[in-house]
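Undergrad: I would like the atomic coordinates for the input below:
(chains A and B)
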Number of protein chains: 2
Amino acid sequence: MLGGTNLPRVGGYNQAVVLDAIRTRGPISRVELAALSGLTNQTVSNVVRKLLDAGLVTETGQAPSSGGKRRTLLAPRPDGAYALGVHLDPDAAVIVLVNLAGEVLTSRRLRLSVPSEPADVVDRVARAALRLAERSAVDPGRLLGLGIAAPGPIDGSSGAVVSPPNLPGWDRVPLLKMFAEATDMPVALDNDATAAAIGERWIGGEARAGSFLFIYLGTGIGAGIVLNNTVLHGDSGNAGEFGHLAVEPGDRVCHCGGTGCLGPYCSPAAIIDDLLRLHGRAAADRIGLTGDPASLHGDWKVLRRAARTGDEDACDVVRSAARRIGQAARGAVSLLDVSRVVLGGEGLRGIEPIVREEIDTAVNSTSVARAIRPIAIEQSVIGDTVGAVGAASLVLHGNYTPGWRMLTDPSG
Amino acid sequence: MLGGTNLPRVGGYNQAVVLDAIRTRGPISRVELAALSGLTNQTVSNVVRKLLDAGLVTETGQAPSSGGKRRTLLAPRPDGAYALGVHLDPDAAVIVLVNLAGEVLTSRRLRLSVPSEPADVVDRVARAALRLAERSAVDPGRLLGLGIAAPGPIDGSSGAVVSPPNLPGWDRVPLLKMFAEATDMPVALDNDATAAAIGERWIGGEARAGSFLFIYLGTGIGAGIVLNNTVLHGDSGNAGEFGHLAVEPGDRVCHCGGTGCLGPYCSPAAIIDDLLRLHGRAAADRIGLTGDPASLHGDWKVLRRAARTGDEDACDVVRSAARRIGQAARGAVSLLDVSRVVLGGEGLRGIEPIVREEIDTAVNSTSVARAIRPIAIEQSVIGDTVGAVGAASLVLHGNYTPGWRMLTDPSG
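TA: Numbers count the residues shown, from 1 in each chain, chains lettered A, B, ... in the order given. Here you go, the predicted structure:
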């Protein structure tokens, strides 16, 4: 059940509300903060004093006078806090160090061998992340922790990945605990799509206020869900398993055992396979595809480039996958009643216009929602590094985003 | 953005938390309430005093002594508040008067002609509802208002129904305003499936704590979504449009213009049509179906009864629709990561075992969720009147369920 709340909790919550407003709307005056938050001027002044003392915000000048006293403006201090983010993919780990503004200060990409041994990967990645932080000019006292975005499913309660189809052999690996031991830092873990959605929420400001569905294309497809400014984690920490929405079925069985799931039709491997099967070796040679499963990453890049430059066969298979993504998106948008869909992930680069167009058609020309208002289909504000930046945002978001948990969770 | 909160709001919120705990867990002692809510004993005592004064709870005896002082137990007072509920269906309106415990004190079913004129319907229904309240022994000062469950889509901001496919000719009818004028009472409106889910949340106590997907079968199919004890309304007030999830497509075009939507395969009219088309007039005659669209309600009852008693052809068409409901349910459960699915609505009576079995198979034998934990598939705790009781619960829930809105909505 929902718990009660009390004054200390309210204080922490209001502080988060004001910081969030300064982050997303600053430079902003105390008077505007009071109007936005519904708090009294006195409460806002007290909260701002605490945020100034904590080094999280700064006074940044004065607003032009509108007759009365000129108002001091407040802005976030990017150097107020830092977080490390790790995006784990089967063949690579991307590590970033970001500041409170979500800006990437430094980053590193580690190639991983496939299949990989979890303990080795954690060891290498943790050492690389610690080195990244050490070599930066960052105050260690302001480094809040390390976030990890991993392929799902995860076990939210134990912080483990649970046999992700994209990490063969990683069965119930307690990543949270392993990284905490390896780095001696607070660690947060979420699936890649949810981490990406949290990154958008953290960095996107007003453009990502309210509710949205984030569709993430990496090695597989997933989604992150933000409803009323709150991230949906789900009962087991796996909300947003977009790849198991039913779509027009073909002959493929999903790794979950079902037929008709979206997943098997829109992974890079599946789309490359479509090209070879439907358009033959000649088309693959013309485009420059090897068709070798070991070269999946490179082949996918080549196929995306071909689609971007208008190769008909490449466009055909990408569009066919995108059409099914659209079918699933229409269902998800109807179910959740969000008015915004955001697309992101490295796997989308180059084919984003096709995917966007198909989702737009499915969602805006055939959904009931159109009777009420059009659904915006937008690109990630973060871009290709949304996985890693999202991972780092897990830490910043967990510390600073106002939420229910701050008011009532007995363990918060 | 999220707003700040303050002491008066916290007081109202904590009062709702304690009432909710007494409602769902009572008889319960103050000490247990403190432990459950995380509030201090002193705060709980103050809040309970206010609830006693308001006539919403009562002292109901004492717990057996466990050595120390015996504890006074608190229980909800069913006569503490009342609400009227109206479930609007194309051919009938069901009106109920319920008390704070969600018990139906009295009810009435009004037959409506199809097509119907909105103003006439509102006039008849409002008068019948007021009469129902007058003839009951209910203290008018404790009658909180009238809730309406209507077929979606609705426009949540204006309180209007927006061309519901099941109410031909009802285009942007401002039901909220019309009923408020006709009854001079506070009025709440939601779509039927969401109202039903709110009814389950209100009445189901611990059995409906946390998160669940409520699948509602009436004249059409819909869903209500409860996440972390909070009802999802959606950006436009239409969350839970379950009928537009994609499933294995056939030859039917949805009223939304899409192909592959679940809706056209699982309405009573569609299933009756399936029987006639696939098994012929002979099967219909054996079962006792007229096949006349004007007798839809009666035909559906007949077909459900045949399925319940094991008629093979009836079971075949019901199972075929249920299989598609299962496909959609699997997707919705994966997306939302809820661990419970609840089934309800008058249209399900008799065929519930078949639908439940197909959803169970789809959700528990092929979803990724099974790797984490099984999904419970349960029947409504309210039963056939879940639409009307859900409508009345809109009012009780809106007044008394603890929620975010109580803490931060500037208009709350």
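
Undergrad: pLDDT score assigned to residue A:122?
TA: pLDDT for residue A:122: 96.

Undergrad: How is it assigned, secondary-structure-wise?
TA: When classified by DSSP: H, G, I helix; E, B strand; the rest coil, residue A:122 comes out as helix.

Undergrad: likewise the one 3 residues further on?
TA: Using three-state DSSP as the criterion, the local structure at residue A:125 reads helix.

Undergrad: do residue A:144 as well
TA: Following three-state DSSP, the label given to residue A:144 is strand.

Undergrad: Now do the contacts for it.
TA: A:81-83, A:186, A:395-396, A:399 (C-beta atoms under 8 Å, 6 or more residues apart in numbering or on different chains). Yep, even glycine has a C-beta here, placed from its N, CA and C like the rest.

Undergrad: if I look at it, how far off is residue A:126?
TA: Shown here: residue A:144 relative to residue A:126, a distance of 16 Å by C-beta to C-beta, to the nearest Å.

Undergrad: so how far is residue A:393 from the closest residue to residue A:124 other than its chain neighbours?
TA: Excluding the flanking residues, the one nearest residue A:124 by C-beta to C-beta, 6 or more residues apart in numbering or on different chains is residue A:110, at 6.2 Å. Distance of residue A:110 to residue A:393, given as C-beta to C-beta: 20 Å.

Undergrad: ok, these two, which is more surrounded?
TA: Neighbour tally, residue A:110 and residue A:393, criterion other C-beta atoms under 10 Å in any protein chain shown: the higher count belongs to residue A:393, 30 against 17.

Undergrad: And what about the more buried one, helix, strand or coil?
TA: Classification of residue A:393 by three-state DSSP places it in helix.

Undergrad: per-residue pLDDT, it?
TA: 96.

Undergrad: Ok, residue A:297 next?
TA: 87.

Undergrad: Could you find the closest non-adjacent residue to it?
TA: residue A:91 (5.9 Å).

Undergrad: Tell me how many other residues surround residue A:296.
TA: So residue A:296, with other C-beta under 10 Å, has 19 neighbours.

Undergrad: any idea how far residue A:324 is from residue B:256?
TA: Taking C-beta to C-beta, one finds residue A:324 at 18 Å from residue B:256.

Undergrad: check contacts around residue A:218.
TA: Neighbours of residue A:218 in contact, by C-beta under 8 Å, 6+ apart: A:89, A:151, A:192, A:345-347, A:387.

Undergrad: Could you single out the nearest of the residues you listed to chain B?
TA: The nearest member of the contacts of residue A:218 to chain B, counting by C-beta to the nearest C-beta, is residue A:151 at 11.7 Å.

Undergrad: Show me which residues of the stretch 101-250 of chain A are close to chain B?
TA: Contact residues (C-beta under 8 Å from any C-beta of the partner chain) of the stretch 101-250 of chain A with chain B: A:152-153, A:155, A:162-163, A:209-211, A:223, A:225, A:227-229, A:232-249.

Undergrad: repeat that with 6 Å
TA: Within the stretch 101-250 of chain A, the residues that sit near chain B (C-beta under 6 Å from any C-beta of the partner chain) are A:153, A:162, A:209, A:211, A:229, A:234-236, A:238-239, A:241, A:244-249.

Undergrad: And the residue of the stretch 251-400 of chain A that's closest to chain B?
TA: Here the stretch 251-400 of chain A gets closest to chain B at one residue, residue A:337, 2.4 Å apart by C-beta to the nearest C-beta.

Undergrad: Against residue A:208, how distant is the nearest residue to that residue once chain neighbours are set aside?
TA: Excluding its sequence neighbours, the residue lying closest to residue A:337 (C-beta to C-beta, 6+ apart) is residue B:234, at 2.4 Å. Residue B:234 sits at a distance of 17 Å from residue A:208 (criterion: C-beta to C-beta).

Undergrad: ok, now residue A:183?
TA: 29 Å.

Undergrad: thinking again about what came up before, make sure the residue nearest to residue A:124 is indeed in a strand.
TA: Yes. Membership of residue A:110 in a strand is supported by three-state DSSP.

Undergrad: Roughly how far does it sit from chain B?
TA: 28 Å (C-beta to the nearest C-beta, to the nearest Å).

Undergrad: related to what we said a few turns ago, just among the contacts of residue A:144, which is most surrounded?
TA: residue A:83 (31 neighbours).

Undergrad: In contact with that one, which residues?
TA: Applying C-beta atoms under 6 Å, 6 or more residues apart in numbering or on different chains to residue A:83 gives the contacts A:98, A:144, A:392, A:395-396.

Undergrad: Out of these, which two are the most distant from each other?
TA: Distance extremes for those: the farthest pair is A:98 and A:144 at 10.5 Å, using C-beta to C-beta.

Undergrad: Next one: the residue of the stretch 251-400 of chain A closest to chain B from residue B:178, what distance?
TA: Taking C-beta to C-beta, one finds residue A:337 at 24 Å from residue B:178.

Undergrad: neighbour-wise, which of those two wins?
TA: Counted by other C-beta under 10 Å, residue A:337 and residue B:178 do not tie: residue A:337 has more neighbours, with 25 against 21.

Undergrad: ok, now how distant is the residue in the stretch 151-300 of chain A positioned nearest to chain B from residue B:121?
TA: Using C-beta to the nearest C-beta, the single residue of the stretch 151-300 of chain A nearest to chain B is residue A:234, 2.4 Å away. Here residue A:234 is placed at a distance of 40 Å from residue B:121 (C-beta to C-beta).

Undergrad: between these two, which one's more packed in?
TA: Set residue A:234 next to residue B:121 and count neighbours by other C-beta under 10 Å: residue A:234 wins out with 26 against 21.

Undergrad: Which phi and psi values does that one adopt?
TA: Torsion angles at residue A:234 (phi, psi; degrees, to the nearest 10) stand at phi 90, psi 160.

Undergrad: Check the one 5 residues further on too.
TA: Reported as degrees, to the nearest 10, the phi and psi values for residue A:239 are phi -60, psi 150.

Undergrad: Break chain A down into its domains, please.
TA: Each domain of chain A is listed here as a residue range: A:7-76, A:81-201+A:387-408, A:209-381, per automatic domain parsing.

Undergrad: out of those, which comes closest to residue B:197?
TA: The nearest among the domains of chain A, by C-beta to C-beta, is domain A:209-381 at 12.9 Å.

Undergrad: so how far is that closest one from its chain's centroid?
TA: 16 Å (C-alpha atoms, centre = their mean, to the nearest Å).
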